[in-house]
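Student: Following is a predicted model, sequence given first.
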Amino acid sequence: MSFCTVVNCMDGRVQLPVIRYLQDRFEVLYVDSVTETGPVKSLAKPVDETVSESIVKRVAVSTEKHGSKIVAVVAHDDCGGNPADETTQRRQLEEAVDFIDGRFPNALVLGLWLDKDWSVFEVTSRVPAGEA
């Protein structure tokens, strides 16, 4: 079995486009989903420690129990949990990817953006430690 992990917004509009993208891009069968309202806001500086630690614990289950080596973090247009503009959300996405990369240095960590048409764009990535 092959897994990857996504830290995604709980917004139902973003779930399937992201899952399909990750399955196609990485040829994985399963995508473990960690959902939170506007997760990049909680993972960006300043980090919301209560939420961020909860996310880290859930991602750890996927990496440790399912062997996931890929973790995607998602931000999207029209986010109710993080109603910031695209520029702000993309900055938060970079910071969130850095945060997750710091906690999971052996994973490929991606930052994905979904636009108003729910198209997925890979906007940033961090390669696993030792592969740079």
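Tutor: Structure's in. What do you need? Numbering: from 1, shown residues only.

Student: Check what pLDDT Gly130 gets.
Tutor: pLDDT recorded at Gly130 is 79.

Student: What of Met1?
Tutor: So, for Met1, pLDDT stands at 68.

Student: swap in the one 5 residues further on?
Tutor: According to the prediction, Val6 has pLDDT 98.

Student: Would you agree it falls within a helix?
Tutor: No: membership of Val6 in a helix is not supported by DSSP: H, G, I helix; E, B strand; the rest coil, which gives strand.

Student: these two touch, right, it and Val28?
Tutor: No: taking C-beta atoms under 8 Å as the definition, Val6 is not a contact partner of Val28, at 10.7 Å. The C-beta positions use only the backbone N, C-alpha and C, and glycine is treated the same way.

Student: so what sits against both of those two?
Tutor: Shared contacts of Val6 and Val28, defined by C-beta atoms under 8 Å, 6 or more residues apart in numbering, comprise Leu22.

Student: Looking at these two, which one has more neighbours?
Tutor: Taking neighbours as other C-beta atoms under 10 Å, Val6 and Val28 compare with Val6 leading, 26 against 19.

Student: roughly how far is stretch 3-19 from the heart of the chain?
Tutor: Computed by C-alpha atoms, centre = their mean, to the nearest Å, the chain-centroid distance of stretch 3-19 equals 8 Å.

Student: where does the protein dip in pLDDT?
Tutor: 1, 132 (pLDDT under 70).

Student: Do you have the helices of it handy? List them.
Tutor: Remark: helices assigned in the chain by DSSP state H are 12-26, 39-43, 49-65, 86-103.

Student: Enumerate every residue touching the residue nearest the centre of the chain.
Tutor: Most central in the chain under C-alpha atoms, centre = their mean is Val73, positioned 1.3 Å from the mean C-alpha point. Contact analysis of Val73 by C-beta under 8 Å, 6+ apart lists 6-7, 39-40, 43, 93, 96-97, 100, 109-112.

Student: and if you look at Thr88?
Tutor: Counted by C-beta under 8 Å, 6+ apart, Thr88 has zero contacts.
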